[in-house]
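A.B. asks: Turn this into a model:
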Amino acid sequence: MKLTVALPVVTLAILGACAPEQQVSGRSLYLDYCASCHGVGGKGDGPAAEGLGKMPADLTRIAARNGGVFPKVRVMSTIDGYTRRGDRSSVMPELGVVLQEGPLVLVDTGDGVMTPTPVNLVALADYLEKLQN
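C.D. replies: As a prediction, the model looks like this:
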């Protein structure tokens, strides 16, 4: 009987954690964490780019490199570092820890499953989608 009472409380707590509480600026996040290497316009020409062993990617061409489709889930995995763990050739920092502050939002990760995802990560990916040529 206590399990029946506790279950709705847990469910409400989870749903409350997924509700966006504030507006997040993907552009501000981009300028704070990405522009120094990728440049303000996303072309890979930021002031720190020259000091890296590998030139940063041109983020305005992500969709073009993917047959005209912006691969949002893959982009988010790259940003947070999930798909790059153990890749010693990557000079891009893993931003997952930095971007996980704040509320979670539900995102379809391509398999029909709505996955709680940091709102900052989603906002940054949405901004990158707007930069596409």
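A.B. asks: Select the helix or strand of this protein having the lowest average pLDDT value.
C.D. replies: helix 2-18 (a mean of 37; mean pLDDT, DSSP states H and E).
A.B. asks: So what's the residue count around residue 97?
C.D. replies: For residue 97, the neighbour count with other Cβ atoms under 10 Å is 10. The C-beta positions use only the backbone N, C-alpha and C, and glycine is treated the same way.
A.B. asks: quick one: it and residue 81, what's the gap?
C.D. replies: Using Cβ to Cβ, to the nearest Å, residue 97 is found at 9 Å from residue 81.
A.B. asks: Tell me where the chain has helices.
C.D. replies: Taking DSSP state H as the criterion, the chain carries its helices at 2-18, 26-33, 35-38, 72-80, 96-99, 119-130.
A.B. asks: Return the distance of the third one from the chain's centre.
C.D. replies: Here helix 35-38 shows a centroid-to-chain-centroid distance of 16 Å under the convention Cα atoms, centre = their mean, to the nearest Å.
A.B. asks: Make 872 the first number, not 1, from now on.
C.D. replies: All right, first residue 872 from here; so that's helix 906-909.
A.B. asks: what's next to it, contact-wise?
C.D. replies: With Cβ atoms under 8 Å, 6 or more residues apart in numbering as the test, helix 906-909 has contacts from 915, 916, 917, 918, 919, 920, 923, 927, 928, 930, 963.
A.B. asks: wouldn't residue 935 be in contact with residue 942 here?
C.D. replies: No - Residue 935 is beyond contact range of residue 942, at 11.6 Å (criterion: Cβ atoms under 8 Å).
A.B. asks: Now residue 902. Nearest residue, chain neighbours left out?
C.D. replies: Once flanking residues are discounted, residue 902 sits nearest to residue 911: 7.2 Å by Cβ to Cβ, 6 or more residues apart in numbering.
A.B. asks: Report pLDDT for that neighbour.
C.D. replies: Model confidence at residue 911, given as pLDDT, is 97.
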